[in-house]
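> no sequence for this one, just the structure:
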């Protein structure tokens, strides 16, 4: 019997089909009991993915996103400072390597969406330049 689930991984929603192997062997006894126990589990699995989606909202137009998962180890520019294209704004530590995250455009740093020590995932907003 195939069952469909929605799974949220790092803010991305995936639809998955799983086959229940133990249910099909004795269909008369465990098929009657398993769906009753499994039916409440499916909505519980779907609810966290629905509630996790609003937390992953983008920071707005012009926000620069994290290219990879990692930890913010240093912030080099303060909010309100002018930055030129390719200026280092912050350092993202990933797999024991320090990666310089540079400004994609010139302008003023209007918002920092992370703090030193924060863990980020790919696509998380880091800062906004206007």
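All right, it came through fine. Everything numeric in this text was worked out from a predicted model, so none of it was measured. Numbering: from 1, shown residues only.

> which outside residues touch stretch 120-130?
Applying Cβ atoms under 8 Å, 6 or more residues apart in numbering, the contact partners of stretch 120-130 are 10-11, 56, 58-60, 62-72, 77, 83, 89-90, 92, 101, 103-114. C-beta: built from backbone N, CA, C; applies to glycine.

> among those, name the ones in strands.
The members of the contacts of stretch 120-130 that map onto strands under DSSP state E are 63-65, 70-72, 83, 89-90, 92, 101, 107-112.

> just the buried ones from those, in PyMOL syntax?
Command for PyMOL, covering only those of those found buried under the criterion 16 or more other Cβ atoms under 10 Å:
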select buried, resi 63+64+65+70+72+83+89+90+92+101+109+111+112
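
> care to break the protein down by domain?
Using automatic domain parsing, the domains assigned to the chain come out as 2-56, 63-129.

> need these in CSV (columns: mean pLDDT).
Output for those, formatted as CSV (pLDDT from 0 to 100):
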stretch, mean pLDDT
domain 2-56, 57
domain 63-129, 94
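
> looking at those, which is buried most?
Ranked by mean neighbour count, those are led by domain 63-129 with a mean of 15 (mean count of other Cβ atoms under 10 Å).

> now the end-to-end length of it.
By Cα to Cα, to the nearest Å, the extent of domain 63-129 from end to end equals 7 Å.

> how about stretch 114-127?
Terminal residues of stretch 114-127 are spaced 7 Å apart (Cα to Cα).

> could you do stretch 110-130 as well?
Distance across stretch 110-130, first residue to last, is 6 Å (Cα to Cα).
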